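In: have a look; sequence and predicted model below, questions after that.
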Amino acid sequence: MKKLNCILAGICLSASFASAETIEWSAGSLGGGWYTMSAGISKIITSEYPDISIKVVPGGGTANPSKIQKNRSQIAMGLDTVSYLAVNAKGMYTKKHDKVALIGQGLSDQILHVVRSKNSKYTNVADLLTKGEDQRIAINKVGSSDELVFRWIMEYYKTSYQDLKKRGFRIVHGSYSEVASQFKDGLVDYAVVKLGVPGAAVIDMLLSRDGEVTTLPANLMASLKKNWGYNSGTIKKDTYKGQTSDAITGNMSTALIVSTDLSTDTVYKITKAICENESKLENVHSSMKFFSCKTATKGASIPVHPGAAKYYKEMGYINN
């Protein structure tokens with residue numbers, strides 16, 4: 001009988017694993033905060049609900065909404081501004097992403113870091129892009145939200161990759177770790193990345209090589225806000241080695257986006273697991289210190305998934 005019970009238990013356990021729902025989670029570039037956040041949050045979810053299996057894969061802020069729309073991924077890290085553009089077919093999105101919904105936003109601020117080495121020629125991005133020749137820049141991968149913002153900046157200064165290359169610029173695209181390595185090794189003098197503060201890649205850069213995070217010009221910031229809804233943020237002095245003053249720069253709020261094809265029950269479980277483990281999020285990544293499910297849908301840039309809405313309504317966080 002004991003042997004039979006063991007066999008039956010084994011069969012039941014196998015059936016449980018077999019019935020687990022597998023979800024692909026599109027994060028950010030390897031070495032970036034989003035990847036760390038995605039891996040950490042997914043562990044919280046699967047520990048609460050073993051019937052959900054999550055596979056974390058690299059992604060990017062601008063690519064992730066389309067991965068959701070095409071059902072290549074079912075959940076992803078996103079950005080408030082970019083998600084809005086995708087759902088409403090604006091900017092670089094030519095078709096409405098009607099399968100993209102929200103679990104919550106405000107997970108962390110994604111601050112644009114325009115880093116310069118101490119011995120670089122230009123102290124701000126305006127002079128770099130309008131006057132520069134033979135300069136070397138590393139930027140996150142094409143298709144990332146970091147690179148999208150850099151395109152907006154180039155557009156404001158009436159330049160482009162083609163124009164910069166004609167002026168002798170060397171432009172390298174890569175993951176956060178690759179950008180950091182390029183900067184540390186002296187292969188580039190400027191780096192453009194968008195990360196939660198403090199960003200591990202930027203800490204690595206500035207511990208290895210003297211430099212600073214620069215302030216974006218006020219007229220540039222006003223244009224980015226007007227044309228793209230891109231908000232401003234502040235990197236406080238002493239955040240990084242060599243950071244002797246506050247840097248005023250760009251900011252997007254991190255959102256957790258999800259496919260409308262995922263069931264109400266599954267998204268309810270995911271939302272519940274995150275919200276009932278809020279105290280653990282700061283340990284996953286310090287930038288999530290101030291996230292609160294109570295305000296996760298306040299000023300939502302896109303529709304909230306019914307599963308998430310169900311949990312928030314039960315908790316009294318939303319009323320309709």
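Out: Sure, I can see it. Numbering: from 1, shown residues only.
In: what are the buried residues along stretch 122-141?
Out: For stretch 122-141, a neighbour-count test (16 or more other CB atoms under 10 Å) marks 122, 125-126, 128-129, 132, 135-141 as buried. For glycine as for every other residue, the C-beta is placed from the backbone atoms N, C-alpha and C.
In: domains for the chain, by residue range?
Out: Listed by automatic domain parsing, the domain ranges of the chain are 21-108+253-315, 111-252.
In: output those domains as JSON lines; include the columns mean pLDDT.
Out: Formatted as JSON lines, these follow (pLDDT from 0 to 100):
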{"stretch": "domain 21-108+253-315", "mean pLDDT": "94"}
{"stretch": "domain 111-252", "mean pLDDT": "94"}
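In: tell me which of the buried residues of stretch 122-141 fall in helices.
Out: 125, 126, 128, 129 (DSSP state H).
In: adding distance to residue 176, write these out as TSV.
Out: Below are these laid out as TSV (distance: CB to CB, whole Å):
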residue	distance to residue 176
125	19
126	25
128	21
129	22
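In: let me see the ranges of the strands in the stretch 151-300 of the chain.
Out: With strands called from DSSP state E, counting those that start in this stretch, the stretch 151-300 of the chain shows them at 170-174, 190-195, 211-213, 231-235, 247-259.
In: out of those strands, indicate the one that is most buried.
Out: Stretch with highest mean neighbour count among those: strand 190-195 (a mean of 27; mean count of other CB atoms under 10 Å).
In: what's in contact with that one?
Out: With contacts defined as CB atoms under 8 Å, 6 or more residues apart in numbering, strand 190-195 is touched by 32-33, 61, 110-117, 120, 128, 135-140, 144-147, 149-150, 176, 179-180, 182-183, 199, 201-202, 205, 250, 252.
In: just the buried members of those?
Out: 32-33, 61, 110-117, 120, 128, 135-140, 144-147, 149-150, 176, 179-180, 182-183, 199, 201-202, 205, 250, 252.
In: residue 121 touches residue 135, doesn't it?
Out: Yes - counting by CB atoms under 8 Å, residue 135 is a contact partner of residue 121 at 7.2 Å.
In: got any residues that touch both of the two?
Out: residue 189.
In: now do the same contact list for the closest residue to residue 61 other than its chain neighbours.
Out: Closest residue to residue 61 apart from its sequence neighbours, by CB to CB, 6 or more residues apart in numbering: residue 145 at 2.5 Å. Contacts for residue 145 (CB under 8 Å, 6+ apart) come out as 60, 61, 62, 79, 82, 110, 194, 252.
In: out of the residues you listed, flag the one nearest to residue 284.
Out: Nearest to residue 284, judged by CB to CB, of those is residue 110 at 15.6 Å.
In: check whether the closest one sits in a helix, strand or coil.
Out: Using DSSP: H, G, I helix; E, B strand; the rest coil, the structure places residue 110 in strand.
In: test my guess that it contacts residue 255.
Out: No - counting by CB under 8 Å, residue 110 stays clear of residue 255, with 10.0 Å between them.
In: any shared contact partners between the two?
Out: residue 79.
In: identify the bridge partners of the closest residue to residue 213 other than its chain neighbours.
Out: Distances taken as CB to CB, 6+ apart place residue 247 nearest to residue 213, at 4.6 Å, with adjacent residues excluded. Beta-bridge pairing of residue 247 under DSSP bridges involves residue 235.
In: gap between residue 247 and residue 124?
Out: Distance of residue 247 to residue 124, given as CB to CB, to the nearest Å: 11 Å.
In: who touches both of the two?
Out: The contact lists of residue 247 and residue 124 share 214, 215, where a contact means CB under 8 Å, 6+ apart.
In: and for residue 277, the neighbour number?
Out: Neighbour count for residue 277, taken as other CB atoms under 10 Å: 15.
In: likewise the one 5 residues further on?
Out: When neighbours are defined as other CB under 10 Å, residue 282 has 13 of them.
In: is it true that it touches residue 288?
Out: Yes - under the criterion of CB under 8 Å, residue 282 makes contact with residue 288 at 5.8 Å.
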